[in-house]
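Asker: with the sequence up front, the predicted model follows.
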Amino acid sequence: MNYVGIDIGSTASKVVTRGNCQMQFVLPTGWSSKETCKIIKERLQESGIDVLADSTKVVATGYGRVAVDFADYVITEITCHGRGGREIAGENCGIIDVGGQDTKVILVERGMVKDFLMNDKCSAGTGKFLEIMANRLGVTLQELFEMAESGTVLPISSLCTVFAESEVINYIGEGHKREDIAAGVVDSVAAKVCQLAQRKELPDKVILTGGISNSTYFTRILSEKIGRTVDPTEDGRYAGALGAALLAEEKSRKKR
């Protein structure tokens with residue numbers, strides 16, 4: 001048997017497989033989730049996984065989950081991220097997921113999702129905000145963090161991405177160092193994530209998931225703002241897909 005978890009995010013699509021064939025990969029979602037699903041299906045086929053076979057069970061989650069027309073089950077992001085976070089951090093943990101479109105705080109207690117919170121439909125405080133600002137500064141996301149680490153924070157007060165970008169443009173025009181602007185950008189995102197996280201009572205164990213989950217710099221800044229250690233995770237961007245694959249396996253075994 002093969003169990004496949006597919007997390008179609010607004011920016012990136014993640015795939016995790018368990019069972020006879022174990023692998024994971026990520027690719028850009030692009031403009032069409034349908035097209036992305038076709039590429040995923042072909043890539044799995046190349047690795048010997050036929051998503052239409054009875055011996056394969058697929059769970060889809062994420063922003064574009066309904067586009068996975070070959071999925072056996074479609075499950076919400078909260079449930080899949082909660083299951084994936086539990087696998088990474090244990091049965092009692094807090095999960096802060098900074099995604100491309102939204103940011104989520106999920107509380108897992110005794111292995112089950114106890115509570116959760118999502119930000120408003122706004123890109124400020126998300127990976128999209130970081131991506132936009134990195135593009136404005138002419139650097140990659142990784143380079144943005146590297147520059148920020150050696151910079152001094154320039155305050156970015158706007159709560160809206162459009163107005164915040166205008167602040168960044170003004171800073172650039174005034175001749176401020178890119179390192180200082182980058183530090184201000186990262187600090188702004190961390191502050192917004194902190195505001196969301198502090199609305200819940202976080203447990204002792206808190207992890208960061210999403211595309212920037214392995215950034216020790218971002219987790220350090222976020223930990224300082226929250227007043228509690230937030231641990232980076234090497235494969236945290238796969239948390240939703242991992243949870244989906246685990247749920248595919250558990251549902252299959254329960255059915256049998």
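Answerer: Now that the structure is in, tell me what you want to look at.
Asker: contacts, neighbours, all on C-alpha from now
Answerer: Noted.
Asker: chain center to whichever strand or helix holds His81: distance?
Answerer: Assigned by DSSP states H and E, His81 falls within helix 77-89. Here helix 77-89 shows a centroid-to-chain-centroid distance of 12 Å under the convention Cα atoms, centre = their mean, to the nearest Å.
Asker: any buried residues in it, and which?
Answerer: Neighbour-count burial for helix 77-89 flags Glu77, Ile78, Thr79, Cys80, His81, Gly82, Arg83, Gly84, Gly85, Arg86, Ile88, Ala89 (criterion: 16 or more other Cα atoms under 10 Å).
Asker: likewise stretch 157-167?
Answerer: Going by 16+ other Cα under 10 Å, stretch 157-167 has these buried residues: Thr161, Ala164, Glu165, Glu167.
Asker: give me the lowest-pLDDT entry from those residues.
Answerer: Across the buried residues of stretch 157-167, the smallest pLDDT goes to Thr161, namely 74.
Asker: that one contacts Leu130, correct?
Answerer: No: in this structure Thr161 lies outside contact range of Leu130 using Cα atoms under 8 Å: 9.7 Å.
Asker: element containing Ser252, please.
Answerer: Here Ser252 is assigned to helix 239-255, by DSSP H and E.
Asker: could you find the closest non-adjacent residue to the residue nearest in space to the middle of the chain?
Answerer: With distances taken as Cα atoms, centre = their mean, Gly210 lies nearest the centre of the chain, 2.1 Å away. Spatial nearest neighbour of Gly210, excluding adjacent residues (Cα to Cα, 6 or more residues apart in numbering): Arg237 at 4.1 Å.
Asker: tell me the secondary structure at the one you found.
Answerer: Under DSSP: H, G, I helix; E, B strand; the rest coil, Arg237 falls in the helix class.
Asker: got it, and Leu154?
Answerer: Put simply, Leu154 is coil when judged by three-state DSSP.
Asker: mind listing what it touches?
Answerer: Asp180, Ile181, Ala183, Gly184 (Cα atoms under 8 Å, 6 or more residues apart in numbering).
Asker: for Glu174, state which of the residues you listed is nearest.
Answerer: When the contacts of Leu154 are ranked by distance to Glu174 (Cα to Cα), Ile181 comes first, at 11.2 Å.
Asker: and the strands in this protein, which stretches?
Answerer: Counting by DSSP state E, the chain has strands at residues 2-8, 12-19, 23-28, 56-61, 73-74, 93-98, 103-109, 112-118, 206-210.
Asker: what does the first one contact?
Answerer: Think strand 2-8. Against strand 2-8 from outside (Cα under 8 Å, 6+ apart): 13-21, 29, 33, 49, 55-65, 240-246, 248-249.
Asker: redo that, cut-off 7 Å
Answerer: Applying Cα atoms under 7 Å, 6 or more residues apart in numbering, the set of residues contacting strand 2-8 from outside is 13-21, 29, 55-65, 240-242, 244-245, 248-249.
Asker: repeat that for the second one.
Answerer: Residues external to strand 12-19 that are found in contact with it (Cα under 7 Å, 6+ apart): 1-8, 23-29, 238, 241-242, 245.
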